[in-house]
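A.B. asks: Give me coordinates for this.
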Amino acid sequence: MDLDNLKKSWDELLERIEQQFDVDPDIQGILFLIGVQELGQGLKTYSKAEKQDLIHIAMCKLLSQRGYYEFEGLDKDGWPHWNVVKEIPRSSIGKQEELLKELALEYFEQV
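C.D. replies: All right, here's what the predicted structure looks like:
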């Protein structure tokens, strides 16, 4: 996806999330929502460590769309775990953010 289309689609996603949840989302907020969705326990109060884990779950889920991670299974508490399949190529922070935005857009098209 070229940068102009990525920006337009990303802005549209942020607007939808803002209207639906009455928040002003950023990439961390989007990753948090994806993590909550993947955990499947709904919106509730999470500790700071759990919020970080939810963002990690989201990143693993998104990167699994490109074959970087594969789903291993759930632990006894129902939290998903992932295995690294291949290394993510090194790139700038900006390029990493572009990739995550693109993958998040693909994710929201599927759910």
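A.B. asks: Name the residues of the helix or strand encompassing Glu50 that are buried.
C.D. replies: Element membership of Glu50 [criterion: DSSP states H and E] is helix 48-64. Of the residues in helix 48-64, 51, 53-55, 57-64 count as buried by neighbour count, 16 or more other CB atoms under 10 Å. Every residue, glycine included, has its C-beta placed from N, CA and C.
A.B. asks: roughly how far is the helix or strand following it from the heart of the chain?
C.D. replies: Downstream of helix 48-64, the next assigned helix or strand under DSSP H and E is strand 69-74. Centre-to-centre, strand 69-74 and its host chain are 15 Å apart (CA atoms, centre = their mean, to the nearest Å).
A.B. asks: what's the following helix or strand after strand 69-74?
C.D. replies: strand 80-84.
A.B. asks: list the buried ones in that following strand?
C.D. replies: If you call a residue buried by 16+ other CB under 10 Å, then strand 80-84 has these buried ones: 80, 82.
A.B. asks: which other helices and strands contact the least confident helix or strand in the chain by mean pLDDT?
C.D. replies: When the helices and strands of the chain are scored by mean pLDDT, DSSP states H and E, helix 3-21 comes last with a mean of 94. When contacts are defined as 3 or more CB pairs under 8 Å, 6 or more residues apart in numbering; DSSP states H and E, helix 3-21 sits against helix 27-39, helix 93-110.
A.B. asks: Now the residue at the greatest distance from the centre of the chain. Its backbone dihedrals?
C.D. replies: The C-alpha centroid of the chain is most remote from Lys76, which lies 22.7 Å away (CA atoms, centre = their mean). The phi/psi pair for Lys76 (degrees, to the nearest 10) reads phi -60, psi -20.
A.B. asks: Give me the distance between it and Leu6.
C.D. replies: 39 Å (CB to CB, to the nearest Å).
A.B. asks: same check, this time on Gln20
C.D. replies: The gap separating Gln20 from Leu6 is 21 Å, by CB to CB.
A.B. asks: Show me which of those two is the more surrounded one.
C.D. replies: Leu6 (15 against 10; other CB atoms under 10 Å).
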